[in-house]
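Student: Pasting a predicted model and its sequence here:
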Amino acid sequence: MKNFTRNNLLFSLCGLNCCLCPMNIGGYCPGCGGGEGNQSCSIARCSLDHERVEYCYLCSDYPCVRFDNVDSSDSFITHRNQFQDIDRVHEIGISLYNEELIRKREILNLLLNEYNDGRIKSFYCLAAGLLPLRVLENVILKIKSDSCMAEPADLKDRAKQVSDLLVNEAEELGIELKLRRKSE
């Protein structure tokens, strides 16, 4: 969006984890306020009208009508933890939250570089967005300690093993690793 820039391209204005988004990873979107390729966004326009707040939660009108039903469905990125992630930023501060996001992105990059059969990128992005960092780190430890994973096995089989691990961890936490489509 013209004249809209932000310093933090990891965490969006409205509370989405831009750095874990398949569009961002694919190079199609630089993140909220990142310049070329940045999609038009009504919330970004709203920020321009509200003293260019860096995050919506800093606005005196937050949460406004723009957040009504925002977490009821997903786009190419999950909106499910949007309010929870904003609360986490309040709890630990943006610097520590960004450190968590950077670590999640490192894990996501590892999954994509070593266990991607070409059909699983969105799933890994979703898992990175929904699962707590400690769970993702534990999955990586399991992968690295599993002798079957270390062997040069078929990439499709390795991707399946990793996705099964992630699904099992998610199920233990009551998390479904599927994007939620808008109901008609």
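Tutor: That came through fine. Residues are numbered from 1 along each chain as shown.
Student: mind checking which helix or strand of the protein has the lowest mean pLDDT?
Tutor: helix 147-150 (a mean of 58; mean pLDDT, DSSP states H and E).
Student: Report the rounded mean pLDDT for the helix ranked longest in the chain.
Tutor: The single longest helix within the chain, with elements called by DSSP state H, is helix 94-114. Mean pLDDT, computed over helix 94-114, is 96.
Student: and what of stretch 167-175?
Tutor: 95.
Student: tell me which residues in the longest helix of the chain are buried?
Tutor: 94, 97, 98, 100, 101, 104, 105, 107, 108, 111, 112 (16 or more other CB atoms under 10 Å). Yep, even glycine has a C-beta here, placed from its N, CA and C like the rest.
Student: correct me, but the first one touches residue 11?
Tutor: Yes: in this structure, residue 94 sits in contact with residue 11. The criterion is CB atoms under 8 Å, and the distance is 7.1 Å.
Student: follow-up on the earlier one: tell me which other helices or strands the longest helix of the chain touches.
Tutor: Packing partners of helix 94-114 (3 or more CB pairs under 8 Å, 6 or more residues apart in numbering; DSSP states H and E): helix 82-92, helix 121-130, helix 133-145.
Student: which residues are contacting the longest one?
Tutor: Meaning helix 133-145. Helix 133-145 has contacts (CB atoms under 8 Å, 6 or more residues apart in numbering) with 100, 103-104, 107, 110, 115, 127-128, 131, 149-150, 161-162, 165-166, 169, 173.
Student: Can you flag the buried ones in these?
Tutor: 100, 104, 107, 115, 127-128, 131, 149, 161-162, 165-166, 169.
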